[in-house]
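Trainee: task: produce atomic coordinates for the following.
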Amino acid sequence: MKIAFVGLGNMGAPMARNLLRAGHALIVFDLIPAAVEGLGAAGAEGAHSPASAAHAAELVITMLPASPQVRAVYEGAEGILAGVAPGVPLIDSSTIDPQIARTLAAAAAAQGNPMADAPVSGGTGGAASGSLTFMVGAEASLFERIKPTLAAMGKSVVHCGGSGNGQVAKICNNLVLGISMLGVAEAMSLGVALGMDAKVLAGVINSSSGRCWSSDTYNPYPGVIDGAPAARGYTGGFGTDLMLKDLGLATDAAKQSRQSVAMAAVAQQLYQLWSARGGGQKDFSSIIEMLRHD
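Mentor: All right, here's what the predicted structure looks like:
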C-alpha cells in the first residue's frame, strides 16, 4: 500500500520504519528536513507539504505533538484535507482532545474521507520494536479496514468504539500512568532515604501488590532497570511536557463531563512544577529528581 506518513518525531519515525519493513511504500513529511532525509535513506519518498504527501496516497497516517499541530496539518491551506483524494482513509495517532478528534473526523467525512483516531501506548521502545498498543476510535468497518496496517506497528489493536473514543482511552490510560509514576517515585525515594537498597525495594514492590508498569518496566530510580530512561539520565522516552499535556487533556475532559479527577489535578500540578524547574524535556519519570532528598 502507498501510505502518507506525516510527523517523524521520536514516535513517528520508528513507526514509519516499521511500515517500510512490512513492505509498504511511504511518502513522508515533517517540518524538520533531517527527519525526512532519515526516512528517505530507509526507502521513503519525501514530500514538501502534508497536502503533497497525501495527494497520491491510499492511506494517510499522522503522528503529531498536540491538537494545534493536528488541526494545522489537516485543515491548513497545504493540509491533508486539501490534498487527499476522496475515499482515502485517514488515521491520526496523535494524542489530542476527543472533541477535536470528532470535529476533524466530521470534516473529513464531509469530503468523503473516513477518519480514525488511533493514539498509542508503549513509548519510543514500543514504537521501535513494533509492539505498540493502538486505541482506535472509528466505525467498525473502518477499523477492520485499517487494522492490518496498524498491526504492522503494534502488537495490540483495540477497537474502543466510535470517533473520539480512542482518545478517551488514551487520556484515561495516561491519567493512570502519570499518577502511578508519582506513587512509585515517592515510594522509591522514601525507601532509599530510610536505608533500603533501591533494587531490593523494587523487587519487593514488583512481587507484591504495589506492582505496576511504572515500577517493573519503567522504574524511575537510577540503577534499577537497565533499559529505563533513569539509566540514561532520563533522556528519550516520554517527556514531562508530553505527560503534562495529556493530564491537561484529562482534566479538561473531566470539566466537560463534570467528572471529579482530584488525583489527576494534583499530578498535573506536580508535573507543571517539575517542568517549570527545568524538567520539561526530560522523561516524565525524572519527576523523582524533584522528590528525592537522599
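
Trainee: could you use CA atoms for every contact and neighbour count after this?
Mentor: Fine.

Trainee: what lies in contact with the worst-scoring helix or strand of the chain on mean pLDDT?
Mentor: In the chain, the helix or strand scored least confidently by mean pLDDT, DSSP states H and E is helix 123-129, which has a mean of 89. Residues outside helix 123-129 that contact it (Cα atoms under 8 Å, 6 or more residues apart in numbering): 10, 11, 12, 14, 15, 18, 132, 153, 154, 236, 237, 238.

Trainee: next, the contact list for residue 13, please.
Mentor: Counting by Cα under 8 Å, 6+ apart, residue 13 touches 7, 35, 39.

Trainee: in TSV, list those residues along with secondary structure, neighbour count and pLDDT.
Mentor: Shown next, in TSV, are these (DSSP: H, G, I helix; E, B strand; the rest coil; neighbours: other Cα atoms under 10 Å; pLDDT from 0 to 100):
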residue	secondary structure	neighbour count	pLDDT
7	coil	27	98
35	helix	19	97
39	helix	22	97
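
Trainee: of these, closest to residue 118?
Mentor: Nearest to residue 118, judged by Cα to Cα, of the contacts of residue 13 is residue 7 at 14.3 Å.

Trainee: from the contacts of helix 123-129, which land in helices?
Mentor: Taking DSSP state H, the ones among these that sit in helices are 12, 14, 15, 18.

Trainee: show me how far the least confident helix or strand of the chain is from its chain's centre.
Mentor: From the chain centre to the centre of helix 123-129 is a distance of 10 Å (Cα atoms, centre = their mean, to the nearest Å).

Trainee: just to revisit the earlier point, which of the ones in helices among the contacts of helix 123-129 lies closest to residue 55?
Mentor: For these, the nearest to residue 55 is residue 12 (19.7 Å; Cα to Cα).

Trainee: just give the nearest non-adjacent residue to that closest one, would you?
Mentor: Nearest residue to residue 12, sequence neighbours excluded (Cα to Cα, 6 or more residues apart in numbering): residue 63, at 5.5 Å.

Trainee: also residue 272?
Mentor: Sequence neighbours aside, residue 244 is the residue nearest to residue 272 in space, at 6.6 Å (criterion: Cα to Cα, 6+ apart).

Trainee: separation between residue 47 and residue 96?
Mentor: 25 Å (Cα to Cα, to the nearest Å).

Trainee: out of these two, which sits in the busier spot?
Mentor: residue 96 (29 against 19; other Cα atoms under 10 Å).

Trainee: next one: the more buried one from residue 248, what distance?
Mentor: Taken as Cα to Cα, the span from residue 96 to residue 248 is 10 Å.

Trainee: ok, now residue 74?
Mentor: 22 Å.
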